[in-house]
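Novice: Quick one, fold the following:
(one chain, ligands or ions: 2)
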Amino acid sequence: MCCAKTNESLEVNADVEDYTNRPPYLLQPLQRFGETKWRAHCQCGQVKYALRRARTLNAKFCHCRQCQVLHGAPFQWAAIFPKEDIRFENGPEGLSFYAAGEKNHKYQTPTKVSCSICRTPIMDEGRNMCLLFPQLIDLSGSPDEQRHRMQHFCQHIHDGIAKWSGMDEQSQQLDDDGQPLKP
Ligand SMILES: [Zn+2]
Ligand SMILES: [Zn+2]
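Specialist: Residues are numbered from 1 along each chain as shown. Ligands and ions are numbered 1, 2, ... in the order given. Here you go, the predicted structure:
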């Protein structure tokens with residue numbers, strides 16, 4: 001009985017701590033991570049991360065009600081990156097997690113990640129990928145250079161790709177203004 005109990009509590013702890021031992025929260029030495037292509041930080045500066053991949057795999061605007069409410073914006077702009085290309089400077093410290101389905105702060109994927117101090121939305125972490133919010137990425141330089149750099153996070157956005165009210169292919173398809181498409 002005693003042993004069973006111990007095992008059970010170990011399992012729970014392993015579940016909770018597991019995510020801190022893998023990207024993007026793993027605190028690995030910078031030299032192992034590789035060359036940083038981009039840096040990003042939240043409004044207050046508590047949360048900082050580095051990217052070793054120059055271009056997003058894909059980008060999307062999401063017009064679903066949940067994104068509108070959670071971002072206080074007409075749509076969410078997200079750039080998709082593999083988890084292993086992201087390195088948070090302080091690991092999971094200073095990050096706040098929100099499970100929008102369960103409406104609680106218990107860590108699980110998918111989760112919405114924000115800064116615990118300034119509440120800047122950082123990313124949506126899915127099971128395999130992270131959807132970063134590119135506004136946080138440092139694009140210093142002239143306005144022309146900034147526009148050029150911005151293209152790294154806009155892949156496919158302005159090419160007439162299908163937009164959805166929720167999950168791709170599984171929800172109502174929308175036009176470019178966020179209105180339901182007539183069949
Ligand atoms: Zn902050
Ligand atoms: Zn959405």
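Novice: Which parts of the protein are helices?
Specialist: According to DSSP state H, the chain carries its helices in the segments 2-18, 30-33, 65-71, 143-150.
Novice: Which positions in this structure make contact with ligand 1?
Specialist: Residues of the chain lying close to ligand 1 (Cβ under 5 Å from the ion) are 42, 44, 46, 115, 117-118. Backbone N, C-alpha and C define where each C-beta goes, glycine included.
Novice: Mind giving me the PyMOL select for those residues, buried ones only?
Specialist: Of the residues of the chain next to ligand 1, the buried ones can be selected in PyMOL as follows, counting by 16 or more other Cβ atoms under 10 Å:
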select buried, resi 42+46+115
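Novice: Give me the subset of the residues of the chain next to ligand 1 lying in strands.
Specialist: Cys115 (DSSP state E).
Novice: Show me which pair in the residues of the chain next to ligand 1 is furthest apart.
Specialist: Cys42 and Ile117 (7.9 Å; Cβ to Cβ).
Novice: just to revisit the earlier point, by mean pLDDT, show me the worst of the helices of the chain.
Specialist: Note on these: helix 2-18 shows the lowest mean pLDDT, a mean of 48.
Novice: Now for the nearest residue to Cys130 once chain neighbours are set aside: which residues touch it?
Specialist: Leaving aside its sequence neighbours, Cys130 sits nearest to Met123 (Cβ to Cβ, 6 or more residues apart in numbering; 4.9 Å). Neighbour list for Met123: 78, 113, 130-133 [criterion: Cβ atoms under 8 Å, 6 or more residues apart in numbering].
Novice: So how do I select the buried members of the residues you listed in ChimeraX?
Specialist: Per 16+ other Cβ under 10 Å, the buried members of the contacts of Met123 correspond to this ChimeraX selection:
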select :78,113,130,131,132,133
